[in-house]
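In: Generate coordinates for the sequence data below:
(one chain, ligands or ions: 3)
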Amino acid sequence: MSERLVVIGSQWGDEGKGKITDYFACRADMVVRYQGGNNAGHSVMFNGHKYSLQSIPSGIFNPNTVNVMGNGMVVNPESVLVELDRLHNQGVTDYQLYISDRAAMVMPWHSALDGAYEGLKGGKLIGTTKKGIGPAYSDKYSRVGLRMGDLLEPEYFAERLQAALDEKNMELKMLGLPTYDFQEVYDRYMEIAKILGPRIVDTSDLINKALLTDKKILFEGAQGMMLCIDHGTYPFVTSSTPSSASVPVGAGISPKWIDNVVGVAKAYCTRVGEGPFPTELHDEIAHEIRERGHEYGTVTGRPRRVGWFDAVVARYTSRLAGIDNWALMLFDVLSGLDKVKICTHYELDGKIIDTPPSTISKLARCKPVFIEMEGWKEDITGIKSFDELPEAAKAYVAKIEELTGVPVGVISVGPDRTQTVILSEKLKNF
Ligand code: GDP
Ligand code: IMO
Ligand code: MG
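Out: Residues are numbered from 1 along each chain as shown. Ligands and ions are numbered 1, 2, ... in the order given. Now for the predicted structure:
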């Protein structure tokens, strides 16, 4: 039997999925992205170099790993070219990369519309990355979108492009935005087809063949479960489902293959963009954590909002996504605080609740119920085993396990590949 590992974000994104994916990618035959697009910003650090990926899977640094951008993604081919150029300039030239012929394409008008829709919301911005993700998924589900495989059939592409432009140009005009000329777009995308064409394949077939020949496959989620279009803090969410539950549809495999899910969680919480965030801090501690954790968005550079670890969210996301282990990230950032807090429950209108309510109006009224624990002063960035952690840090890990019912399988104590402690036997053997 082959081994499949799903790495997902369990909070509001930026939990450290890139780091964990890269860590395990060294041993994986294949790394697959299955949702989202270049709204993601995944950082990977090794040998003193830091890399940032948006839509390309974090297995790209291992020449033996096949990287797949699955059908559930929205792919902006221009942005893929920019990313590949950047990687080339950083010396990453030996890689394997395939893109699904069924993946929805993010077209130039999608980012224009993303910005315009935000403008129409007046003060109630979602705070999107303005990469056109929502409009691209909307077009996919409205059945007017273009797909990567269309690029391989020029006549069919022309037909689909004309149909899309008939609709989109009308909308753009209404919004007072520049329209697009068919021939210009067609010519540019035919150029793109020449460059990316050989990489556009039936990736579901590729993945299934790998599954049947005992390959180790890692599925790399983007965003985080609280940004899920169904289960997140709607409407302050992204337009896909960042869960392990998306893997079968977004990669084109049977759900029966999924058997090991790592939920990536910061040892605290962050959120970039608008929307309720029950454990958010507005004091000096938030500032301290933001600076120590360099909590500024990889894609947009926006300062990330910071809060305490939220066990209500962790329990919720672990039950939705079947999380087997936590990868507890940026643990080093908490060193130096006198006290640390964990949110165990919310209080909503005088009642204690243990799972997030469905509307943001209720969530905004939720008051976090905290437990306070002793902090630790020691620098833990060099530890190689759980035993080397200060007692207070060990107690913090144990409390998260107790409150969530999910074991911590990985502890991360710095951004580098080497600053990773694996506790779970199953993960050690991946
Ligand atoms: P992703 O979107 O989930 O891949 O996460 P990002 O890459 O957007 O954000 C995580 C940030 O934390 C990046 O700057 C990482 O280099 C950094 N990082 C990851 N793990 C650790 C850790 O254990 N400690 C510290 N200090 N930084 C980390
Ligand atoms: P990674 O994969 C953090 C947030 C945006 C915004 C909302 C909707 O790096 O964890 P969108 O552009 O998707 O329509 O924006 O979702 N968001 C993220 N926040 N990390 C991400 O990805 C995100 N991708 C989208 O800030 O609030
Ligand atoms: Mg990120």
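
In: near ligand 2, which residues of the stretch 301-430 of the chain?
Out: For the stretch 301-430 of the chain, the contact set with ligand 2 under C-beta under 6 Å from any ligand atom is empty. All C-beta atoms are positioned from the backbone trio N, CA, C, and that covers glycine.

In: and C343, what helix or strand is that in?
Out: For C343, the enclosing helix or strand under DSSP states H and E is strand 339-348.

In: from the middle of its chain, how far away would that strand be?
Out: Centroid separation for strand 339-348 versus its chain: 25 Å, with C-alpha atoms, centre = their mean, to the nearest Å.

In: So what touches that strand?
Out: 278-279, 308-312, 334, 352-354, 356-357, 362, 365-375, 396, 399-400, 403 (C-beta atoms under 8 Å, 6 or more residues apart in numbering).

In: What ranges does this structure have for its helices?
Out: Under the criterion DSSP state H, helices of the chain are mapped to 17-25, 77-89, 108-120, 133-142, 154-174, 182-196, 203-212, 247-251, 284-292, 311-321, 360-365, 391-404, 425-428.

In: Who does the strand holding C343 pair with, and is each partner parallel or antiparallel?
Out: strand 309-310 (parallel), strand 351-353 (antiparallel), strand 367-374 (antiparallel) (DSSP bridges).

In: What residues does the stretch 201-350 of the chain have near ligand 1?
Out: Residues of the stretch 201-350 of the chain lying near ligand 1 by C-beta under 6 Å from any ligand atom: 293-294, 298, 329-330, 332-333.

In: What ranges in the stretch 1-150 of the chain fall below the confidence cut-off?
Out: 1-2 (pLDDT under 70).

In: what about 80?
Out: Along the stretch 1-150 of the chain, the model assigns pLDDT under 80 to residues 1-2, 122-123.

In: Show me what from it comes close to ligand 2.
Out: Residues of the stretch 1-150 of the chain lying near ligand 2 by C-beta under 6 Å from any ligand atom: 9, 13-14, 39-42, 126-129, 131, 133-134.

In: Name the member of those residues with the shortest distance to R143.
Out: Of all these, G134 has the smallest distance to R143: 16.3 Å, by C-beta to C-beta.

In: quick one: contacts for the closest residue to that closest one other than its chain neighbours?
Out: Nearest residue to G134 in three dimensions, chain neighbours excluded: S239, at 4.5 Å (C-beta to C-beta, 6 or more residues apart in numbering). Residues near S239 by C-beta under 8 Å, 6+ apart: 133-134, 136-138, 229.

In: Mind doing that once more with 10 Å?
Out: Neighbour list for S239: 35-37, 39, 74, 128, 133-138, 140-141, 223, 227-229 [criterion: C-beta atoms under 10 Å, 6 or more residues apart in numbering].

In: H294 reaches V333, doesn't it?
Out: Yes - using C-beta atoms under 10 Å, H294 is in contact with V333, at 9.0 Å.

In: So which of the two has more stuff around it?
Out: With neighbours defined as other C-beta atoms under 10 Å, H294 and V333 compare such that V333 has more, 24 against 12.

In: The contacts of strand 339-348, buried ones only, as a PyMOL selection?
Out: In PyMOL syntax, the buried subset of the contacts of strand 339-348 is picked out as below (16 or more other C-beta atoms under 10 Å):
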select buried, resi 278+279+308+309+310+311+312+334+356+366+368+369+370+375+396+399+400+403
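
In: Over in the stretch 51-200 of the chain, which residue gets nearest ligand 3? Let me know.
Out: At 8.5 Å from ligand 3, S52 is the closest residue in the stretch 51-200 of the chain, using C-beta to the ion.

In: Can you tell me who that residue pairs with across the strands?
Out: Legend: beta-bridge partners of S52 under DSSP bridges are S43.

In: Could you shift the numbering so residue one becomes 591, and keep it that way?
Out: Fine by me, first position is 591 from now on; the one you just mentioned is S642.

In: Now L924. Nearest residue, chain neighbours left out?
Out: A857 (5.4 Å).

In: do you know how far G787 is from Y688?
Out: 12 Å (C-beta to C-beta, to the nearest Å).

In: These two: which has the busier surroundings?
Out: Counting neighbours by other C-beta under 10 Å for G787 and for Y688 shows that Y688 has the greater number, 21 against 14.

In: Provide a list of residues in contact with that one.
Out: Y688 touches 620, 622, 647, 656-660, 788-793, 796-797, counting by C-beta under 10 Å, 6+ apart.

In: For it, which residues count as its bridge partners?
Out: Here Y688 sits in beta bridges with V658, going by DSSP bridges.

In: Equivalent analysis for M620, please.
Out: Listed beta-bridge partners, M620: V656, I807 (assigned using DSSP bridges).

In: So it sits against I650, correct?
Out: No - M620 is beyond contact range of I650, at 11.9 Å (criterion: C-beta under 10 Å).

In: How many residues are close by the residue nearest to I875 when sequence neighbours are not counted?
Out: Nearest non-adjacent residue to I875, counting by C-beta to C-beta, 6+ apart: L927, 6.8 Å away. If you count neighbours by other C-beta under 10 Å, L927 ends up with 17.

In: ditto for H639
Out: Residues near H639, counting by other C-beta under 10 Å, number 12.

In: From L802, how far off is it?
Out: 36 Å.

In: I figured K730 was touching V665, is that so?
Out: No - judged on C-beta under 10 Å, K730 makes no contact with V665 at a distance of 11.1 Å.

In: anything in contact with each of these two?
Out: Shared contacts of K730 and V665 (C-beta under 10 Å, 6+ apart): 693-695, 737.

In: pLDDT wise, what is the closest residue to V987 other than its chain neighbours at?
Out: Distances taken as C-beta to C-beta, 6+ apart place V998 nearest to V987, at 5.2 Å, with adjacent residues excluded. Here, the pLDDT recorded for V998 equals 98.
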